[in-house]
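Participant: Fold the following and give me the result.
(one chain, ligands or ions: 2)
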Amino acid sequence: MQTILSIENLSKVYASGFHALTRISLDIHRGEIFALLGPNGAGKTTLISIVCGIVNASEGSVRVAGHDIVTDYRSARSLIGLVPQELTTDAFETVWATVSFSRGLFGKPASPAYVERVLRDLSLWEKRNNKIMTLSGGMKRRVLIAKALAHEPQILFLDEPTAGVDVELRRDMWALVRGLKANGVTIILTTHYIDEAEEMADRIGVINAGEIMLVERKDVLMRKLGRKQLTLQLEAPLTAIPAGLAAWGLELADGGTELIYTYDAENERNDIIALLKRLGEAGIGFTDLKTSQSSLEDIFVSLVSKDPAAASKPASRPASQPATPAGADNGKGQVTSR
Ligand SMILES: Nc1ncnc2c1ncn2[C@@H]1O[C@H](COP(=O)(O)OP(=O)(O)O)[C@@H](O)[C@H]1O
Ligand SMILES: [Mg+2]
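Facilitator: Numbers count the residues shown, from 1 in each chain. Ligands and ions are numbered 1, 2, ... in the order given. Below you'll find the predicted structure:
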């Protein structure tokens, strides 16, 4: 796996004294879609702004395809396109002029054919001669994307690209992102929409209060999340798991009154039927039964929760372990993700 962006020990303390980022280290692989998830104020925009040279880091280093963003700024920056979170456009320019100009800024030779393709991909072609101030908010956002793509960047940052955009733009945006990925472009997007990360990303990073809490392949994360738990309230407490039930890897909880079975979502039906049958044969009765499942949302919530019991020192947890045992949701201290 080739690293295209390498962030090492990056910290940011704003002039106000506020610690926005604390020792962030992160490698982005060439050609991947990486989703940076985090609540408002987590530091996502600050991190992107540093990589793009808009904000200075207080400590640490960033290399883009080997080019240091401070000592080799031009080379580093020419490889990056940024679609900023806030709408900023040159109101009096036409769509065509502003996108062409963006390309020129990076020293790329004029290419009307390329600019035309970008504008067509973004359904902006009909509007190419319109002044930007005459466009709707959604169209302005499309212009920002066109500008970010004007110099054919290898890495595209999308900072909250779908916050407050209409369904059509959201759909077009994801089609575009998939097309860019197919052409080898690396995509880094920030979002606080978990479903979006779930749908689009190859890897997911969770950031909270300026710290990276977890970086994981999405499929690995989802496999873990696919884990479910069945909890049986026993009629009489057990002191040990009977030998005949060893195959299920059961656990006892609550002084032996609860029997917990953790399983993959895949084989659940047969497994559970067999387990219940075996329990009956062993004379183990239960009074109640409940199932629970952890979701990406649960993991995210537990990671960014202010409740130390729920978050349980996430920063020191190896990325290969789930944030909480499946279904261990204690219902406390939850924050919503959007
Ligand atoms: N120029 C600034 N000066 C002081 N604090 C700032 C500045 N910009 C951002 N912050 C603070 O840094 C934190 C992270 O902000 P930001 O990177 O925008 O988070 P996110 O994009 O994840 O919502 C927030 O608490 C924000 O208020
Ligand atoms: Mg932001």
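
Participant: Now do the residue in the stretch 101-250 of the chain that ligand 1 sits nearest to: how many residues are near it, please.
Facilitator: Closest residue of the stretch 101-250 of the chain to ligand 1, Cβ to the nearest ligand atom: T190 (6.5 Å). C-betas here are computed from N, CA, C, even on glycine. With neighbours defined by other Cβ atoms under 10 Å, the count for T190 comes to 25.

Participant: Also A110?
Facilitator: Neighbours of A110 (other Cβ under 10 Å): 10.

Participant: looking at it, it is touching S102, isn't it?
Facilitator: No: using Cβ atoms under 8 Å, A110 is not in contact with S102, being 11.7 Å away.

Participant: Now do the contacts for the closest residue to the residue of the stretch 101-250 of the chain closest to ligand 1 other than its chain neighbours.
Facilitator: What sits nearest to T190 in space, not counting adjacent residues and going by Cβ to Cβ, 6 or more residues apart in numbering, is K44, at 4.0 Å. With contacts defined as Cβ atoms under 8 Å, 6 or more residues apart in numbering, the neighbours of K44 are L36, G38, D159, E160, T190, I207.

Participant: Quick check, the third one in contact with T45.
Facilitator: Yes: with contact defined as Cβ under 8 Å, D159 and T45 form a contacting pair (5.7 Å).

Participant: Now do the shared contacts for the two.
Facilitator: Joint contacts of D159 and T45 (Cβ under 8 Å, 6+ apart) are Q85, T190.

Participant: which residue packs closest to P237, ignoring adjacent ones?
Facilitator: That would be G256: by Cβ to Cβ, 6+ apart, it lies 3.7 Å from P237.

Participant: any idea how far the residue nearest the centre of the chain lies from L189?
Facilitator: Nearest to the geometric centre of the chain sits A35, at 3.0 Å (Cα atoms, centre = their mean). Using Cβ to Cβ, to the nearest Å, A35 is found at 6 Å from L189.

Participant: returning to that earlier point: taking the contacts of K44 one by one, which sit in strands?
Facilitator: Of those, the ones assigned to strands by DSSP state E are L36, D159, T190, I207.
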